[in-house]
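Any chance you can model this:
(chains A and B, ligands or ions: 4)
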Amino acid sequence: MAAPLLDVDGLSLEFRTRSGVVKALEDVSFQVAKGEILGLVGESGSGKSVSAYAAMGILDAAGCVTAGAIRYDGMAVTGAPEREVAKLRGREMAMIFQSPRTALNPIRTVGDQIGDVLRRHGGATRQTARARAVEALAQVRIPDPARRARAYPFELSGGMCQRVCIAMALACRPKLLICDEPTTGLDVTTQAAIMALIVELCRERGMGALLITHDLHLAAETCDRIAVMHAGHVVETGAAADLFAQPRHPYTASLIAATPAAGRTLDAIGAIPGNLPDLRAALPPCRYRARCPRALGVCDADPLPPLGSGHGVRCHNPLGCNPMGEEATVDHAAA
Amino acid sequence: MTTPLLEVEDLSKIYQLETRSKPVRFLREWFTTLPDHQPRLHAVDGVSFSIAPGESLGLVGESGCGKSTLVTMLVRLSTVTAGTIRFEGRDIGAIPPAEFGRSPDRAKIQVVFQDPHESLNPRDTAFDTIAEPLKRLLRLTDAREIAARVGEAAERVGLPAALLSRYPHQLSGGQKARVNIARAIAPGPRLLVLDEPTSALDVSVQAVILKLLDRLRRELGMSYLFVSHDLNVVRLLCDRVMVMYLGKVAEIGPTEAIFEAPQHPYTRALLSAAPGAEPAGGRIRLDGEPRSPVDPDPNVCRFFGRCPQGHGLCERQAPALRGVGPSHAAACHLAAAAEAAA
Ligand SMILES: Nc1ncnc2c1ncn2[C@@H]1O[C@H](COP(=O)(O)OP(=O)(O)OP(=O)(O)O)[C@@H](O)[C@H]1O
Ligand SMILES: Nc1ncnc2c1ncn2[C@@H]1O[C@H](COP(=O)(O)OP(=O)(O)OP(=O)(O)O)[C@@H](O)[C@H]1O
Ligand SMILES: [Mg+2]
Ligand SMILES: [Mg+2]
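Ligands and ions are numbered 1, 2, ... in the order given. Down below sits the predicted model:
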């Protein structure tokens, strides 16, 4: 197999804060190949954004990589001089951030802002930047793009600002696109159009994409593979179809059970018991231990099994196999 | 029928787009005799609906169709271009936003904004946040009474009393969402407007908050206007649904009717595009250019050009909202024709 575009390999990362060391990521591994979309799902605070920031080399100054490496197209991002990483950003990798309104400059029109990016990274000239910015806005389905290019961010709706950010990220034809919740503020028809655009870029230009999302239905539909994160661990990875049809980690199963779906009543959606553990405290080897309905004695003592390839899971007692003679399924409605 | 809690009639919000700078306008007026046309953006265009006491109305629609604009007018944070807003029979639409803060109705309409992370003041504890509307709107001054009301609101939303002294950065996403909801229900509103209250939350927290909202409505008898992009969530929580498209109401009706027998082609496309849905006739893709909200042609249907069923009439006459079933209306020539034939 060719070297993956993005290779996060055994990454551990801490934040040194006044109230203690936050062990935000521990032994996190995932890969994004050319033309592939990897979904990163998990609860709020599980480390999805931090992983993305680390890959882009834009971590907070308090963040500190303690083990592992990130490679982009074979080149080490962790430990590389800032100048080298800065060259990659914009040209090779682009990111869509979680809060779009704050990512835009409030006192410049959106057309000018896209034009700026195109001139800096996309080889556009002063003359062509305008027309290409309008084209980019049309691509993300903003009505009347020529006129709306002259609008300031406050004149646009939340979802339109989000689409402006997406247009900006795609304008430079990046090889790797990292999207942090790209479509949360969008209606489903617009979301479908944007996701179709991203999928098309992956298939046609071989762009790789890392899609961070809370929406499991969306992840199931657009991603080739999924990595599930919990409290700074990747607990399960696999092909999207397998993972949703047959989740193996109890956490994945309860995430699926908590998702509203057609034909599910309020009583039928089960909330996940407990909260994420405090990442500043001493943590057991399995960080899901305290919330897990399938925990065993070994969970307290032994380190987590490695993820493995294919449909991998870091659990001593995964669903669907039965080493300890327990029940093979967990009733999450009851949990 | 009981009198509605909220009655909105022909409400419009039009933004003047200032495309020329002042000196340019001055020169144009000086040198030409032609009237200078200022483009007008029709963000909300002649919207009418009502909400009964205790009822929950869902509002869905394409990004940029005017949902937030409508919400800010209803809660009197922005001016109304035309139309009326009646709350408990009183016309509140004419009150300027700056004066509405002193109106006794202010406490009865509360909003929960989209992002629980951004809508909390980082320097206020959870207690201060929940107490703020009690002091400002209800003019409560007795510290003991305020503490009691804050405690009661916190208990209703399931926020442990120990967390009341915390600042936003010390709270999780779900806890922040609870603080936001507690702040909104503390003054005892009759109408709670929720603008995408759960989209920033992950599924596990979302499930808890949805159950909470459902319980609060039953316990307190409030009405909801619930703006959301998540159709599954709207279906769980709302009695009726209003679908907007480019500033206008496309369809409005009982939740089951909208989901089971949508009449407007935009509603059908929307329902078929939901991730996880498996529509019988396959996904409906909306190709074609969306129409501009700037100076729209009043004689053309707003959906024309993207509508898979659009035909000649749609380009000559904009469809009005008409009944297509019990308390179910749609603004489509074809939907009306289907009803007549049936
Ligand atoms: N600058 C920082 N200093 C200290 N801790 C941090 C910092 N940034 C993130 N963290 C912590 O790292 C953990 C992971 O955060 P992250 O933002 O990656 O979560 P997430 O999975 O993206 O959540 P969400 O879905 O809410 O965006 C959290 O516990 C968070 O508190
Ligand atoms: N201050 C303003 N000046 C000019 N146009 C504006 C202004 N505020 C909003 N608009 C326009 O009004 C229309 C409706 O915007 P609104 O924010 O109500 O949409 P929305 O339905 O809430 O969309 P979203 O789902 O993306 O939040 C948009 O076309 C927007 O560009
Ligand atoms: Mg994040
Ligand atoms: Mg909005």
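
Where does pLDDT dip in chain B?
Chain B contains residues with pLDDT under 70 at B:1, B:18-36, B:116-117, B:200, B:336-342.

can you pull out the helices in it?
For chain B, applying DSSP state H gives helices covering B:22-31, B:67-74, B:97-100, B:126-136, B:143-156, B:173-185, B:203-220, B:231-237, B:255-260, B:265-273, B:312-316, B:333-341.

how about those in CSV, adding distance to ligand 2 and mean neighbour count?
Just so you know, the C-beta spots here come from the backbone N, C-alpha and C atoms, and that holds for glycine as well. Below are the helices of chain B laid out as CSV (distance: least, CB to the nearest ligand atom, whole Å; neighbours: other CB atoms under 10 Å in any protein chain shown):
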stretch, distance to ligand 2, mean neighbour count
helix B:22-31, 18, 10
helix B:67-74, 3, 23
helix B:97-100, 14, 12
helix B:126-136, 23, 20
helix B:143-156, 27, 16
helix B:173-185, 18, 24
helix B:203-220, 18, 20
helix B:231-237, 14, 23
helix B:255-260, 18, 17
helix B:265-273, 12, 23
helix B:312-316, 22, 13
helix B:333-341, 22, 15
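
Save those as CSV, and put in distance to A:N275 too.
Converted to CSV, the helices of chain B look like this (distance: least, CB to CB, whole Å):
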stretch, distance to A:N275
helix B:22-31, 56
helix B:67-74, 31
helix B:97-100, 39
helix B:126-136, 17
helix B:143-156, 18
helix B:173-185, 8
helix B:203-220, 9
helix B:231-237, 22
helix B:255-260, 32
helix B:265-273, 33
helix B:312-316, 52
helix B:333-341, 47
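
Of all the ones you listed, which one comes closest to ligand 1?
helix B:173-185 (5.6 Å; CB to the nearest ligand atom).

just to revisit the earlier point, between the helices of chain B, which one is nearest to ligand 4?
Among those, helix B:67-74 comes nearest to ligand 4, with 3.2 Å by CB to the ion.

could you say what helices and strands that closest one packs with?
strand B:6-16, strand B:40-51, strand B:56-61, strand B:191-195, strand B:223-227 (3 or more CB pairs under 8 Å, 6 or more residues apart in numbering or on different chains; DSSP states H and E).

now with 7 Å?
If contacts are counted by 3 or more CB pairs under 7 Å, 6 or more residues apart in numbering or on different chains; DSSP states H and E, helix B:67-74 sits against strand B:6-16, strand B:40-51, strand B:191-195.

ok, residues contacting that helix?
Under the contact criterion CB atoms under 7 Å, 6 or more residues apart in numbering or on different chains, helix B:67-74 has outside partners A:157-158, B:11, B:13, B:43-44, B:47, B:59, B:61, B:78, B:80, B:85, B:193, B:195, B:227, B:244.

out of the residues you listed, which touch ligand 2?
For ligand 2, the contacts drawn from the contacts of helix B:67-74 by CB under 6 Å from any ligand atom are A:S157, A:G158, B:A43, B:G61.

from these, which is closest to ligand 1?
Within those, proximity to ligand 1 (CB to the nearest ligand atom) peaks at A:G158, which comes in at 16.8 Å.

And the helices and strands packed on helix B:67-74: which comes nearest A:V235?
Nearest to A:V235 among the helices and strands packed on helix B:67-74 is strand B:191-195 (32.5 Å), distances taken as CB to CB.
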